[in-house]
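**Student:** A predicted structure for the sequence below; I have some questions about it.
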Amino acid sequence: MFALLAVVGYASGYLGIFLAASVADTSKCQRPIWPNLSSSFLLLPMSVPNSLLPAVELETGTHPTHAVLWLHGLGADGHDFVPIVDELALPSTISVRFVFPHAPMRPVSINRGMVMRAWHDYDMIDAKVGVQENMESLRSSQQAIEALIDRERQRGIKPENIVLAGFSQGGALALHTGLRYPERLAGMLALSCYLPAPATLAAEAQQANLTTSVFMAHGRSDYVVPLVLAQASKRQLLESGYAVEWHEYSMAHTVCREEIDDISHWLNHVLK
């Protein structure tokens, strides 16, 4: 089942509104239906050097002082979570740049070598045993996200004002990168995901983010990334001394209204 279901990296069924979809047909993956973006937000065309990931950018005001790098799930793209910005009720007193990068196209083993947007290649082995990661592609994407952080620094935003966020495989990469980043970040937001390469964390983690707030959320009926796998990741982080804020919701591999309200509250706290 995992080989077929894992392709649905989209945040499907936002607020309980679903599009009819066939899981086996990746051209009909479930996608969220979002309300129109607020006209007060500026959606910018993205022009980046060839060395950087292409991305969608949205700014909540002029001269941003904070940034959120939001990573999509397997098989999706950077547009997937753009509409969530209007739902987050961020304070008008700060200007935030949201960056939604597009993952590279690559064959994905869990989907029988199908080529799709993916942050790294992997195989789901067992809900209790964990995930077999392709470390080369995982580290390559880690470096690509670090390059985006460095670019925000060049544009005047300090790492301490940057949140790494992501859903599903994107959330896994946000955790992997944030825990290894050598400077303190504002926070890590990990939705419906797990901690990749857990055996390497102790040797590679940076002390700079030991006390950085980590928001983890998961659906109790998630059969794409099993809840037990996410709970094991939470336990490892807590036992390692990280400041994890854990949430569970009555949902599948998706997002829900209650979750977005909790994310809004958390972001308003860490983006100061």
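**Tutor:** Thanks, I have it.
**Student:** Checking Met188 next. Helix, strand or coil?
**Tutor:** State at Met188, reduced to three classes by DSSP: H, G, I helix; E, B strand; the rest coil: strand.
**Student:** Any idea how many residues pack against it?
**Tutor:** 28 (other Cβ atoms under 10 Å). From N, CA and C alone the C-beta is placed, and that goes for glycine too.
**Student:** how much space is there between it and Val270?
**Tutor:** Going from Met188 to Val270 by Cβ to Cβ, to the nearest Å gives 9 Å.
**Student:** Between the two, which contacts overlap?
**Tutor:** 163, 213 (Cβ atoms under 8 Å, 6 or more residues apart in numbering).
**Student:** so how far is the one helix or strand Arg139 maps to off the chain centroid?
**Tutor:** According to DSSP states H and E, Arg139 maps onto helix 135-154. Taking the mean of its C-alpha atoms, helix 135-154 sits 14 Å from the chain's own mean (Cα atoms, centre = their mean, to the nearest Å).
**Student:** and if you look at stretch 180-198?
**Tutor:** Centroid displacement of stretch 180-198 relative to its chain, using Cα atoms, centre = their mean, is 9 Å.
**Student:** ditto for stretch 244-262
**Tutor:** Worked out by Cα atoms, centre = their mean, stretch 244-262 lies 14 Å from the chain centre.
**Student:** Check stretch 203-215 too.
**Tutor:** Taking Cα atoms, centre = their mean, one finds stretch 203-215 lying 17 Å from the centre of the chain it belongs to.
**Student:** Show me where the stretch 1-150 of the chain dips below the pLDDT cut-off.
**Tutor:** Applying pLDDT under 70 to the stretch 1-150 of the chain flags residues 1-50, 125-128.
**Student:** Would you map the strands across it?
**Tutor:** 42-44, 55-59, 66-71, 96-101, 105-108, 114-117, 122-126, 130-133 (DSSP state E, counting those that start in this stretch).
**Student:** for the stretch 151-272 of the chain, same thing?
**Tutor:** Secondary structure of the stretch 151-272 of the chain (DSSP E, counting those that start in this stretch): strands at 162-167, 187-191, 213-219, 243-249.
**Student:** Residues contacting the shortest one, please?
**Tutor:** Looking back up the chat, that one is strand 187-191. Contacts for strand 187-191 (Cβ under 8 Å, 6+ apart): 11, 68, 70, 163-168, 171-172, 174-175, 178-179, 209, 212-218, 255, 259, 263, 266-267, 270.
**Student:** Going through those residues, which ones are buried?
**Tutor:** Buried members of the contacts of strand 187-191, counted by 16 or more other Cβ atoms under 10 Å: 11, 68, 70, 163-168, 171-172, 174-175, 178-179, 209, 212-218, 255, 259, 263, 266-267, 270.
**Student:** Is it correct that Thr60 is in contact with Leu90?
**Tutor:** Yes: contact criterion Cβ atoms under 8 Å: Thr60 and Leu90 qualify, at 6.0 Å.
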